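Student: take this sequence and fold it.
(one chain, ligands or ions: 2)
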Amino acid sequence: MGGVFDPIHYGHLFTAEEARVEFKLDKVIFVPCRQPAHKRANDISAPEDRYLMTVLAITNNQFFEVSKVELNRPGPSYSIDTIKEFLKKYNHGVKIFFITGADAFLEVDSWYKSDKLIRLCQFVAATRPGYDLNKLDQKFKKIIKIMEIPALSISSTDIRRRVREGKSIKYLLSQEVEEYIDKKGLYRKM
Ligand code: ATP
Ligand code: MG
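Tutor: Ligands and ions are numbered 1, 2, ... in the order given. Sure, this is the predicted structure:
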């Protein structure tokens, strides 16, 4: 599961866990991106902060891991490079599921080398409030697995806004991540 994870929240964690159980996955690897291809780099928190928050968020799930592949690779983070790296690491002996939310999958067409990417792994798109997967092109509908999840309209954007406005973010993300945000003073001015 790739993402900016700025910060990681229960929407991400629930989606990952649901996919793990539904598709009987051995594990879920969270891959924070270094530089999202679609956002400006100065709008996002330091890679180390996003990585550490992800580590804190997943500690109580033995099936969850975090990978630094994209953080260690210079330049924009292209999913296809990451998938290829994982396939190589596991000697092509694994099937990779790429877990996304509806909003991310609806844009997949615009991703770098998307035609090749969707052939290298099994895409899963979780429903997300405000995004309609029925709009998908037939060619994508045929090959992805749509996963209906109880609507969670939690987003990192909303969490960042809440911190800036002095509102509570408790129960939207893990307590450890909340404490990290507080301790490091993240999102207060953005
Ligand atoms: P931002 O608001 O900054 O874009 P975000 O909450 O969308 O943050 P991302 O890091 O952009 O989080 O998302 C990583 C992946 O998780 C994407 O595939 C996204 O669609 C999915 N995702 C995030 N939140 C949810 C949610 N509440 N329900 C389903 N999928 C989600
Ligand atoms: Mg997003």
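
Student: ligand 1 contacts on this structure?
Tutor: Counting by CB under 6 Å from any ligand atom, the chain comes close to ligand 1 at 3-6, 11-12, 15, 100-101, 103-104, 126, 128, 152, 154-157. Bear in mind the C-beta positions are built from the backbone N, C-alpha and C, glycine included.

Student: just the ones of those in strands?
Tutor: Taking DSSP state E as the definition of strands, the residues of the chain next to ligand 1 contribute Gly3, Thr100, Gly101, Ala126.

Student: among the residues of the chain next to ligand 1, name the buried ones.
Tutor: Buried subset of the residues of the chain next to ligand 1 (neighbour count, 16 or more other CB atoms under 10 Å): 3-6, 11-12, 15, 100-101, 104, 126, 128, 152, 154-156.

Student: from those, which shows the smallest pLDDT?
Tutor: Here the lowest pLDDT out of those sits on Leu152, with 89.

Student: in space, what's closest to that one - neighbours in sequence excluded?
Tutor: Distances taken as CB to CB, 6 or more residues apart in numbering place Gly11 nearest to Leu152, at 4.6 Å, with adjacent residues excluded.

Student: so which elements touch the helix or strand Ile83 falls within?
Tutor: Ile83 is part of helix 79-89, with elements assigned from DSSP states H and E. Using 3 or more CB pairs under 8 Å, 6 or more residues apart in numbering; DSSP states H and E, the elements in contact with helix 79-89 are helix 69-72, helix 114-120.

Student: tell me the buried residues in the last one?
Tutor: Under the neighbour-count criterion of 16+ other CB under 10 Å, helix 114-120 has Leu117, Ile118, Leu120 buried.

Student: what does stretch 86-93 give?
Tutor: Applying 16+ other CB under 10 Å to stretch 86-93 flags Phe86, Leu87 as buried.

Student: what's the next secondary structure element after the helix or strand of the chain with the lowest mean pLDDT?
Tutor: The least trusted helix or strand in the chain, going by mean pLDDT, DSSP states H and E, turns out to be helix 138-141, with a mean of 88. Using DSSP H and E, the helix or strand that follows helix 138-141 in sequence is strand 145-147.

Student: quick one, what contacts the closest residue to Tyr131 other than its chain neighbours?
Tutor: For Tyr131, ignoring the flanking residues on the chain, the nearest one in space by CB to CB, 6+ apart is Ala102 at 3.8 Å. Neighbouring residues of Ala102 by CB atoms under 8 Å, 6 or more residues apart in numbering: Ala125, Ala126, Thr127, Arg128, Tyr131, Asp132, Leu133.
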